[in-house]
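Peer 1: Turn this into a model:
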Amino acid sequence: MKSATSDTANTLPLNTQPLQLTPAERSALRARAHALNPVVMVGNAGLTDSVLLEAHRALISHELIKIRLLGGERDERRSISDSFCERLGAAPVQQIGKVLVIYRPR
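Peer 2: Model prediction:
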């Protein structure tokens, strides 16, 4: 018997809006994220459905995750960051170089 959690972990959310964080919330989340290691890596193939699904699963488990963006120029990484948040209904917390931190409450 499958649980509802495993069903939601295998499908991406539909029609989600990116979250908006206050500066105080963003600051607290940056502090929490400091000790985290990246759990999702975006390679040369870019933002694929499998990468999005893996990030979705990580957000279900952890709600605050780091993503490493391999390769690409600054504008391309910004575009990928925006796409992640829009498609997953998450809020961008911080982006430093090739590391992105996103948050979505459980």
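Peer 1: Sticking with residue 65, tell me its helix or strand.
Peer 2: strand 64-69 (DSSP states H and E).
Peer 1: Buried ones in that strand, by neighbour count?
Peer 2: 64-67, 69 (16 or more other C-beta atoms under 10 Å). Every C-beta, even on glycine, is put in place using the N, C-alpha and C of the backbone.
Peer 1: Listing partners with orientation, what would you give for that strand?
Peer 2: Paired neighbours of strand 64-69 in the sheet (DSSP bridges): strand 38-42 (parallel), strand 99-103 (antiparallel).
Peer 1: distance between the very next helix or strand once past the first one and the chain's centre?
Peer 2: Which is strand 38-42. Using DSSP H and E, the helix or strand that follows strand 38-42 in sequence is helix 49-62. Its chain's C-alpha centre and that of helix 49-62 lie 7 Å apart, by C-alpha atoms, centre = their mean, to the nearest Å.
Peer 1: just the angle between helix 49-62 and strand 99-103, please?
Peer 2: 60 degrees (axes from the mean of the first three to the mean of the last three C-alpha atoms, to 10 degrees).
Peer 1: in helix 49-62, what counts as buried?
Peer 2: Quick answer for helix 49-62 (16+ other C-beta under 10 Å): 51-59.
Peer 1: Restrict it to CA atoms and write it as PDB.
Peer 2: C-alpha atoms of helix 49-62 as PDB (Å, rounded to 0.1, in the frame of the first residue of the first chain):
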ATOM      1  CA  ASP A  49      12.300  17.200 -14.800                       C
ATOM      2  CA  SER A  50      14.400  14.700 -12.800                       C
ATOM      3  CA  VAL A  51      16.400  17.500 -11.200                       C
ATOM      4  CA  LEU A  52      13.200  19.300 -10.200                       C
ATOM      5  CA  LEU A  53      11.700  16.000  -8.900                       C
ATOM      6  CA  GLU A  54      14.800  15.400  -6.700                       C
ATOM      7  CA  ALA A  55      14.600  19.000  -5.400                       C
ATOM      8  CA  HIS A  56      10.900  18.500  -4.700                       C
ATOM      9  CA  ARG A  57      11.700  15.300  -2.700                       C
ATOM     10  CA  ALA A  58      14.400  17.100  -0.700                       C
ATOM     11  CA  LEU A  59      12.100  20.000   0.100                       C
ATOM     12  CA  ILE A  60       9.400  17.500   1.400                       C
ATOM     13  CA  SER A  61      12.000  16.000   3.700                       C
ATOM     14  CA  HIS A  62      14.000  19.100   4.700                       C
END
